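# Got a predicted structure here, sequence first:
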Amino acid sequence: MAIELEDVYGRYGPMVLRRCRRLLKDDGRALDAMHDVFLQLLRRREEIDPQRLAPLLMRIATNVSLNHLRTWRRHPEDPGDEALLQIADAGGGGQGLAAARLMLGKIFAREQPSTGEIAVMHLVDGMTLEEVGREVGLSVSGVRKRLRTLRARVAALEEV
């Protein structure tokens with residue numbers, strides 16, 4: 001059964017936009033990411049189970065936002081990043097923003113892409129290990145191991 005995209009957009013659009021804003025910290029980029037989420041949904045609307053739509057949209061929004069963050073990290077020459085850095089510098093927080101981006105780049109450089117998703121679900125959204133495991137297709141111990149490895153990498157970088 002195909003979903004009606006217009007209805008889904010009206011009902012779940014604000015939720016998806018909030019997720020993208022929370023992860024991207026930029027209204028314009030969050031709006032772009034939200035549109036990317038619904039484009040992905042449009043491409044697969046025949047295959048989607050309407051009963052699992054909200055969790056699916058949250059997962060797609062997380063993945064799209066994390067992909068946007070990775071792209072910005074790889075292409076810092078993007079004029080949008082420069083404008084963001086100038087705005088942050090005007091408020092005195094430019095060095096903190098740059099340091100945070102550098103730290104995140106180092107932390108996630110050798111991680112599997114889903115590790116970022118796991119971290120956001122558990123640490124930002126407050127989902128339990130069981131809920132995260134269900135969403136990403138891992139056991140609780142698998143999720144726990146990924147988070148433990150991530151914490152160890154953060155601790156090692158903090159010592160440097």
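Right, received. Where do you want to start?

# From here on, just use CA atoms for contacts and neighbour counts.
Fine.

# where in the protein is pLDDT low?
Residues of the chain meeting the criterion pLDDT under 70: 1-2, 73-104, 157-160.

# how about 50 then?
For the chain, the stretches with pLDDT under 50 are 76-93.

# longest helix of it?
The longest helix of the chain (DSSP state H) is helix 53-74.

# Ignoring the adjacent residues along the chain, who's closest to residue 142?
In this structure, residue 142 finds its nearest non-sequential neighbour in residue 133, 7.7 Å apart by C-alpha to C-alpha, 6 or more residues apart in numbering.

# and the one you found, how many residues sit next to it?
20 (other C-alpha atoms under 10 Å).

# Is it correct that it is in contact with residue 139?
Yes - under the criterion of C-alpha atoms under 8 Å, residue 133 makes contact with residue 139 at 5.4 Å.

# now the helices for this protein?
Under DSSP H, the chain gives helices at 5-24, 27-43, 53-74, 79-90, 94-108, 113-119, 129-136, 140-159.

# Near residue 11, how many other residues are there?
When neighbours are defined as other C-alpha under 10 Å, residue 11 has 12 of them.

# ok, it to residue 141 distance?
35 Å (C-alpha to C-alpha, to the nearest Å).

# Ok, residue 107 next?
21 Å.

# more crowded one of these two?
Between residue 107 and residue 141, residue 107 has the larger neighbour count (other C-alpha under 10 Å), namely 19 against 12.

# quick one: that one from residue 149, how far?
Residue 107 is 10 Å from residue 149, by C-alpha to C-alpha.

# Repeat that for residue 14.
Taken as C-alpha to C-alpha, the span from residue 14 to residue 149 is 34 Å.

# what's the angle from the longest helix of the chain to helix 129-136?
For helix 53-74 against helix 129-136, the angle by axes from the mean of the first three to the mean of the last three C-alpha atoms, to 10 degrees is 80 degrees.

# And helix 53-74, how far out from the chain middle?
Per C-alpha atoms, centre = their mean, to the nearest Å, the displacement of helix 53-74 from the mean C-alpha position of its chain is 4 Å.

# Give the other helices and strands that it contacts.
On a contact count with 3 or more C-alpha pairs under 8 Å, 6 or more residues apart in numbering; DSSP states H and E, helix 53-74 meets helix 5-24, helix 27-43, helix 113-119.

# change it to 7 Å
The helices and strands touching helix 53-74, judged by 3 or more C-alpha pairs under 7 Å, 6 or more residues apart in numbering; DSSP states H and E, are helix 5-24, helix 27-43.
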